[in-house]
Structures are given as C-alpha cells and as structure tokens.
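**Student:** Next input, structure requested:
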Amino acid sequence: MAIHTAKGQCKHGEFDLLRGCPQCVSERLAQQLKEKLKTNIVKVKYISDSGELSNREYTYLTVDRLNVDDIVTVPVRDTTAKAVVSVVDVAETEIEAFKDKVKTIPTGSKVKVEPHTTEELSQTEIEAIAKDIEERRARGIRPEQDEMEDGLNSEGLTLVIDEAPKAGFDNQIALVKVKPSEDVQVQSWYNEALGLQKYAEARIIKTVEDLKPANDDLVTIRRLRKAIEEKRKEYVKPLQDHVKSINDAFKILSEPIEIADKVTSQKMLAFTSEQDRIRSEQERINAERIKLAQDEMELNGELTESVNLVEVIQEVPTTIKTEVGTTGQRDNWKWEVQDINQVPREYLVINAGMLTPIVKASKGKIVIPGIRIFNEPILATRQ
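**Tutor:** Next comes the predicted model:
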C-alpha cells in the first residue's frame with residue numbers, strides 16, 4: 001500500500017513536511033552558527049615544544065562555548081596545533097578591523113581527558129601535546145610556522161622571524177624570507193649571470209652568423225632575468241601584502257581621530273575668521289564715522305553731534321596656551337590655476353603618462369605639434 005506523505009511549499013519549492021526543506025534547514029543552521037560565532041570569541045596561547053605557553057595571545061572564533069584553561073586543538077594554516085584558552089568573551093570590536101583573518105575553532109576541538117587532579121591533567125596533556133609536536137617536527141612542520149607563514153598571526157600583525165630561532169614560539173613568530181643573497185637558487189642564478197655578463201662584454205658581432213650565438217645567449221638572458229624577477233616578487237609580495245593589510249587596518253582605526261582633528265581645527269579656524277570679519281567691519285564703520293565728523297568740522301567748524309564709535313572686539317590670539325599644550329596658527333601658502341595660458345613655460349610639464357600610450361598606439365602616424373615621434377627598435381625574444 002502506498003504511503004502518501006504531506007507536502008509543503010516554501011521559497012525553494014515543494015518539500016516533505018516530515019523531513020522539512022533541506023535548504024531551509026541548512027540556512028537556519030548557518031544563521032544559528034553565525035549568531036553563535038558572533039559572541040564566541042576567545043584568545044589562546046600556543047603550547048611550545050617544551051610545553052611552555054607562548055607570551056603572545058591569538059584570537060579565534062569558536063563554535064563551542066569554551067572556558068579559560070581549556071586545552072583545544074586550533075587550526076594553524078594547513079594543519080592544527082594544541083593551545084590553552086587564556087581569555088573568553090572577547091569583544092567583537094577587537095577583531096572588526098581584521099575579522100577576515102581570524103580563524104574558527106570547530107566544534108569538538110576541546111581535548112577530552114580522563115579525570116585527574118588539576119596538576120596531573122596538565123602534565124598529562126602537556127606530554128601528549130609535546131609528543132604530537134615532536135611527530136610533526138620530524139615531518140618538518142612547526143605549529144607556529146603554520147600559523148605565521150603568511151607573516152600574519154590571528155590578529156593581523158606583521159611578524160618577522162628571528163635569525164637564530166630557539167625552541168618555543170616567541171623566537172619563531174613568522175617565516176618571512178628576507179635574505180635573497182643566502183638563497184641557494186639565487187646564488188646559482190647570480191653566478192650564471194656573471195658568466196653571461198662576461199660573454200656579452202667580450203662578444204664581437206661582425207657577420208650574420210655571429211647573430212645566432214648572440215640570439216641563444218639573449219634568449220637565456222631574458223629567461224634568467226624573468227626567473228630572477230619572479231623570485232624577487234616571491235620575496236617582496238608577502239611583505240607588501242602585509243604592509244597593505246596593516247595600512248588598511250590602521251586607516252580604519254585612525255579615521256575617527258583624523259575626523260576629530262579636522263573638525264576641531266576647522267571650528268577653531270572658523271571662529272577666528274569670523275571674529276576677524278566682525279572686527280574689520282567694526283573698524284570700517286568707525287573709520288566712516290570719523291571721516292564724516294572730519295568733513296563736518298572742515299565745513300562748519302564744529303560738530304553738531306558727538307561721534308559714536310562702535311566698540312571693536314579684541315583680536316583673537318594666534319596662539320592658545322593651556323596646561324595641556326599649545327596650539328598656534330602658521331602660514332600655509334597654497335595655489336590654484338586661474339589662467340593656464342599665462343602660466344610660465346618652466347612651470348608646465350609634459351604628461352608622459354598620457355602621451356606615451358597614444359604614440360605607441362598610433363605606430364608613428366599621429367602628429368603632435370612640438371613633439372618628434374620616432375621609432376627606436378628593441379629586441380624581443382621567444383622560446
């Protein structure tokens with residue numbers, strides 16, 4: 001006998017009422033997880049090879065509710081490491097500037113152990129963790145390296161590796177290549193380049209046949225130059241990325257103080273400017289009244305009424321000094337173009353950034369008054 005199950009409708013279409021809409025269920029779970037992660041932010045300290053805790057704390061989102069002193073397995077790059085929870089209920093504002101860099105401790109990451117006394121539990125866990133780390137060290141993996149390999153810890157800080165790292169995390173807080181001269185591959189390329197330089201300087205080209213070995217060398221030179229440039233980018237790009245990340249974060253962090261500075265300065269300057277305007281107007285009125293009185297004296301030999309001068313406000317001091325500090329005005333000369341045709345030639349600059357692509361695209365066909373356009377061939381190679 002066929003069993004008919006009740007059906008329902010939602011934005012995803014028809015679904016089995018007993019089972020529910022899989023997509024709706026998934027969305028609700030995702031939203032619940034998102035809401036849970038908003039409040040579950042912790043800081044941890046990694047456990048080093050010797051069982052010591054790192055001085056630096058690292059921020060993580062966590063699915064499960066954790067407590068201080070819990071030992072957990074945390075994600076570090078492409079592997080995991082053991083750590084101790086040092087702070088719970090971290091404010092979300094602490095990670096807002098670099099939230100996309102913060103990793104999540106998945107559910108079930110808390111290390112479960114047999115009941116022991118506090119001291120026995122700690123020692124047992126440390127021994128197990130040390131064994132786990134030793135196994136990964138044998139495979140050439142360092143937990144601290146995993147987390148720091150991009151030059152960023154969980155809090156988005158730029159870190160630099162110690163030249164002579166010792167055991168523990170505090171001396172091995174990043175893996176950043178900073179000495180290309182000690183790179184075996186780079187040294188090999190440099191020696192090869194020296195040889196090519198000697199050949200190039202000694203080369204004499206007198207016939208068409210002489211061009212063939214020169215061509216071979218040039219192709220090799222270009223290939224080697226490209227390899228060196230790619231290696232340079234390999235060294236530089238991580239650092240540039242970290243600098244950009246830091247600058248972006250500090251741009252956000254500095255914005256309120258920059259606005260506060262600008263608004264306060266503008267209001268102080270606006271007040272001074274308005275006081276100067278009022279004082280100038282008062283002085284103008286007094287000057288006119290004095291002039292009228294002088295004219296009447298010359299005409300009639302006497303004044304019919306007294307000269308009523310308005311009180312002129314005091315000039316705003318250019319320096320304001322308090323116990324906190326001193327603020328003073330200084331000259332800040334600027335300029336703006338009123339008529340480009342009257343600007344002397346020595347102050348005008350050719351816009352090479354606009355002119356060069358136009359000339360290249362025209363292939364010599366464009367004519368620009370005052371500009372000589374010519375072709376200067378260069379050699380291109382391909383393998």
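**Student:** For burial, what's the neighbour tally of residue 349?
**Tutor:** Burial of residue 349 is recorded as 6 neighbouring residues (other CB atoms under 10 Å). All C-beta atoms are positioned from the backbone trio N, CA, C, and that covers glycine.
**Student:** if I look at it, how far off is residue 343?
**Tutor:** 11 Å (CB to CB, to the nearest Å).
**Student:** nearest residue to residue 312 other than its sequence neighbours?
**Tutor:** The shortest distance from residue 312 to any non-neighbouring residue, by CB to CB, 6 or more residues apart in numbering, is to residue 282 (4.6 Å).
**Student:** Tell me which other helices or strands the single longest helix found in the chain touches.
**Tutor:** Identified as the longest helix of the chain according to DSSP state H is helix 211-300. Under the contact criterion of 3 or more CB pairs under 8 Å, 6 or more residues apart in numbering; DSSP states H and E, helix 211-300 touches helix 184-202.
**Student:** how about the helix it packs on as PDB, C-alpha atoms only?
**Tutor:** Presented in PDB, the C-alpha positions along helix 184-202 are these (Å, rounded to 0.1, in the frame of the first residue of the first chain):
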ATOM      1  CA  VAL A 184      71.000  28.800  -3.000                       C
ATOM      2  CA  GLN A 185      68.900  29.200  -6.100                       C
ATOM      3  CA  VAL A 186      69.500  33.000  -6.300                       C
ATOM      4  CA  GLN A 187      73.300  32.400  -5.800                       C
ATOM      5  CA  SER A 188      73.200  30.000  -8.700                       C
ATOM      6  CA  TRP A 189      71.500  32.400 -10.900                       C
ATOM      7  CA  TYR A 190      73.900  35.200  -9.900                       C
ATOM      8  CA  ASN A 191      76.900  33.100 -10.900                       C
ATOM      9  CA  GLU A 192      75.200  32.300 -14.200                       C
ATOM     10  CA  ALA A 193      74.500  35.900 -14.800                       C
ATOM     11  CA  LEU A 194      78.200  36.800 -14.100                       C
ATOM     12  CA  GLY A 195      79.200  34.400 -16.900                       C
ATOM     13  CA  LEU A 196      76.600  35.800 -19.300                       C
ATOM     14  CA  GLN A 197      77.900  39.300 -18.500                       C
ATOM     15  CA  LYS A 198      81.500  38.300 -19.400                       C
ATOM     16  CA  TYR A 199      80.400  36.700 -22.600                       C
ATOM     17  CA  ALA A 200      78.300  39.800 -23.500                       C
ATOM     18  CA  GLU A 201      81.100  42.200 -22.900                       C
ATOM     19  CA  ALA A 202      83.600  40.100 -24.800                       C
END
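**Student:** What count of nearby residues applies to the residue nearest to residue 271 when sequence neighbours are not counted?
**Tutor:** The shortest distance from residue 271 to any non-neighbouring residue, by CB to CB, 6+ apart, is to residue 316 (7.3 Å). Residue 316: 15 surrounding residues under other CB under 10 Å.
**Student:** for the one 10 residues further on, same thing?
**Tutor:** Burial measure for residue 326: 8 neighbouring residues, criterion other CB under 10 Å.
**Student:** Is it in contact with residue 318, as I believe?
**Tutor:** No: Residue 326 is beyond contact range of residue 318, at 10.9 Å (criterion: CB atoms under 8 Å).
**Student:** Which helix or strand contains residue 42?
**Tutor:** Assigning secondary structure by DSSP states H and E places residue 42 in strand 41-46.
**Student:** now do residue 66
**Tutor:** Using DSSP H and E, residue 66 falls outside every helix and strand.
**Student:** Show me what counts as buried in stretch 58-72.
**Tutor:** For stretch 58-72, burial by neighbour count (16 or more other CB atoms under 10 Å) applies to 58, 59, 60, 61, 62, 66, 70, 71, 72.
**Student:** for these, which one is nearest residue 177?
**Tutor:** Proximity of the buried residues of stretch 58-72 to residue 177 (CB to CB) peaks at residue 58, which lies at 22.7 Å.
**Student:** for the residue nearest to residue 312, what are its contacts?
**Tutor:** Residue 282 makes contact with 310, 311, 312, 313 under the criterion CB atoms under 8 Å, 6 or more residues apart in numbering.
**Student:** which among the residues you listed gets closest to residue 180?
**Tutor:** Residue 180 lies nearest to residue 313 out of these, by CB to CB, at 66.9 Å.
**Student:** which residues does the closest one contact?
**Tutor:** Counted by CB under 8 Å, 6+ apart, residue 313 has contacts 275, 278, 279, 282.
**Student:** Just the element for the closest residue to the first one other than its chain neighbours, please.
**Tutor:** Nearest non-adjacent residue to residue 275, counting by CB to CB, 6+ apart: residue 316, 4.9 Å away. Secondary structure assigned from DSSP H and E places residue 316 in neither a helix nor a strand.
**Student:** Would you mind measuring from residue 316 to residue 273?
**Tutor:** The value you get for residue 316 to residue 273, if CB to CB is used, is 9 Å.
**Student:** What separation do you get for the residue nearest the centre of the chain and residue 101?
**Tutor:** Taking CA atoms, centre = their mean, the centroid of the chain lies closest to residue 245, which sits 2.4 Å from it. Applying CB to CB, the value for residue 245 to residue 101 is 8 Å.
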